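Trainee: Following is a predicted model, sequence given first.
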Amino acid sequence: MALAVGDDVFADTQRLERRHNQEVIPMLDALYQRAGLAVQSTELVSFSAGPGGFTGVRIAASVAQGIAMACACNVVPQRCSDILVRSWAQCPATVQQVVCAVPSRAQSFYLSAHVGGPGRWSQLYSDQLCDQPPQWLSDIVQHSDLSSSGLALIGARPSWLVDELQACSHGEVIPDAQTMIGAARTAHKEGRSVGPELALPIYVQGDSPWRKRHNAESSP
């Protein structure tokens with residue numbers, strides 16, 4: 001997470017695994033103390049809205065909404081995949097397309113495609129929940145010059161990916177909250193921030209792992 005005060009940025013990055021609900025508030029408090037600010041002075045909030053881990057996304061949305069409501073400020077929800085692509089500091093200058101894979105469950109992953117280059121990424125294909133290669137991914141591989149290292153995969157590596165893309169894998173990227181600051185400020189300036197009540201997690205088709213439970217005693 002990161003707290004920006006003008007050009008000064010106070011940040012803390014930790015791998016919390018399943019301890020988000022225990023650690024996120026103390027981490028926030030520590031950042032505000034380092035900055036010498038009261039939480040009530042917050043003017044804008046941003047958070048990773050997903051799609052991603054069900055519990056983690058909901059915790060992030062709840063914390064963002066709580067702070068924004070208390071401070072009467074707006075919120076900028078950001079896509080997890082956008083944050084990961086911007087966080088890839090080791091991105092080679094030759095890369096012009098990035099496929100981002102975020103784990104969902106079992107062999108299902110959220111896939112998205114981004115074009116541009118460092119500092120100027122935009123989404124070509126938005127997040128889609130997949131358990132096999134979508135057609136647009138096959139098209140990207142088919143029309144890419146893989147020998148020029150212009151295509152890369154970041155994040156988790158599904159076992160069902162085509163071999164050509166497996167060879168372009170650069171591994172997982174740790175999300176950097178500092179990369180969210182500029183995007184959040186730009187979105188707010190352009191009128192794309194929302195009130196706390198509209199700062200909701202981002203879900204995609206097929207997101208819910210739950211299925212309707214059939215009554216075992218009911219007649220066929």
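Mentor: Alright, I've got the coordinates.

Trainee: Helices along the protein, start to end?
Mentor: Here the chain has its helices, by DSSP state H, at 20-35, 54-71, 80-87, 135-142, 163-166, 178-189.

Trainee: other SSEs contacting the last one?
Mentor: In terms of contacts (3 or more C-beta pairs under 8 Å, 6 or more residues apart in numbering; DSSP states H and E), helix 178-189 is packed against strand 2-5, strand 8-11, strand 44-50, strand 74-79, helix 80-87. C-betas here are computed from N, CA, C, even on glycine.

Trainee: start to end distance for stretch 144-157?
Mentor: Stretch 144-157 has an end-to-end distance of 19 Å (C-alpha to C-alpha, to the nearest Å).

Trainee: Apologies, that question was intended for stretch 102-112.
Mentor: Start-to-end, stretch 102-112 (C-alpha to C-alpha) is 9 Å.

Trainee: Check the offset of it from the chain's centre.
Mentor: 13 Å (C-alpha atoms, centre = their mean, to the nearest Å).

Trainee: hmm, who's touching that stretch?
Mentor: 51-53, 79-81, 84, 99-101, 123, 125-131, 134, 137, 155-156, 158-160, 204, 207, 209 (C-beta atoms under 8 Å, 6 or more residues apart in numbering).

Trainee: Taking those residues, please make a ChimeraX selection of just the buried ones.
Mentor: The buried subset of the contacts of stretch 102-112, as determined by 16 or more other C-beta atoms under 10 Å, is captured in ChimeraX by this line:
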select :51,52,53,79,80,81,84,99,100,101,123,125,127,128,129,130,137,155,158,207
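
Trainee: Only the buried residues of the helix-or-strand element of the chain with minimal mean pLDDT, if you could.
Mentor: Sorting the helices and strands of the chain by mean pLDDT, DSSP states H and E puts helix 163-166 at the bottom, at a mean of 85. Judged by neighbour count (16+ other C-beta under 10 Å), helix 163-166 contains these buried residues: residue 165.

Trainee: Show me what that helix is packed against.
Mentor: Short answer (3+ C-beta pairs under 8 Å, 6+ apart): helix 163-166 packs on helix 135-142, strand 151-155.

Trainee: Switch the helices and strands packed on helix 178-189 over to CSV; also include distance to residue 190 and mean pLDDT.
Mentor: Converted to CSV, these look like this (distance: least, C-beta to C-beta, whole Å; pLDDT from 0 to 100):
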stretch, distance to residue 190, mean pLDDT
strand 2-5, 18, 97
strand 8-11, 21, 97
strand 44-50, 13, 97
strand 74-79, 10, 98
helix 80-87, 15, 97
